[in-house]
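Student: just the structure for this:
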Amino acid sequence: MKDGIHPAYHPVIFKDASSGFAFVTRSTQSSEQMMEWTDGKSYPVITMEITSHSHPFYTGQQRMIDTQGRVDRFKKRYAR
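Tutor: The predicted model follows:
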């Protein structure tokens, strides 16, 4: 890798705004806001609107849409 052309890659806390769930990972993003993690170190915090902790697909609260039933009703209604 060439020196000086890659962004800084460092630990960052990603925090879910709706549930308060947070996790530490490495990223090139940074923030002015800092937060102390359980290891006693302070890391930049990136606040996210939705994560796997609050997304309906991952939490099992996703609603299934009955598209096949809609098509059948449409065909019945407008069949000649």
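
Student: pLDDT averaged over the longest helix seen in the chain, what's the number?
Tutor: Ranked by number of residues, the top helix in the chain under DSSP state H is helix 67-78. Taken as a whole, helix 67-78 has a mean pLDDT of 78.

Student: contacting residues around that helix?
Tutor: Residues outside helix 67-78 that contact it (CB atoms under 8 Å, 6 or more residues apart in numbering): none are found. (Glycine included, C-beta is placed from N, CA and C.)

Student: send the alpha carbons of it over as PDB?
Tutor: The C-alpha trace of helix 67-78 is given here as PDB (Å, rounded to 0.1, in the frame of the first residue of the first chain):
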ATOM      1  CA  THR A  67     -49.000  -9.900  -3.400                       C
ATOM      2  CA  GLN A  68     -50.400 -13.100  -4.900                       C
ATOM      3  CA  GLY A  69     -53.800 -12.500  -3.300                       C
ATOM      4  CA  ARG A  70     -53.900  -8.900  -4.700                       C
ATOM      5  CA  VAL A  71     -53.200 -10.100  -8.200                       C
ATOM      6  CA  ASP A  72     -55.900 -12.700  -8.000                       C
ATOM      7  CA  ARG A  73     -58.500 -10.200  -6.800                       C
ATOM      8  CA  PHE A  74     -57.500  -7.800  -9.500                       C
ATOM      9  CA  LYS A  75     -57.900 -10.500 -12.200                       C
ATOM     10  CA  LYS A  76     -61.300 -11.500 -10.700                       C
ATOM     11  CA  ARG A  77     -62.500  -7.900 -10.600                       C
ATOM     12  CA  TYR A  78     -61.500  -7.000 -14.200                       C
END
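
Student: good, wrapping up.
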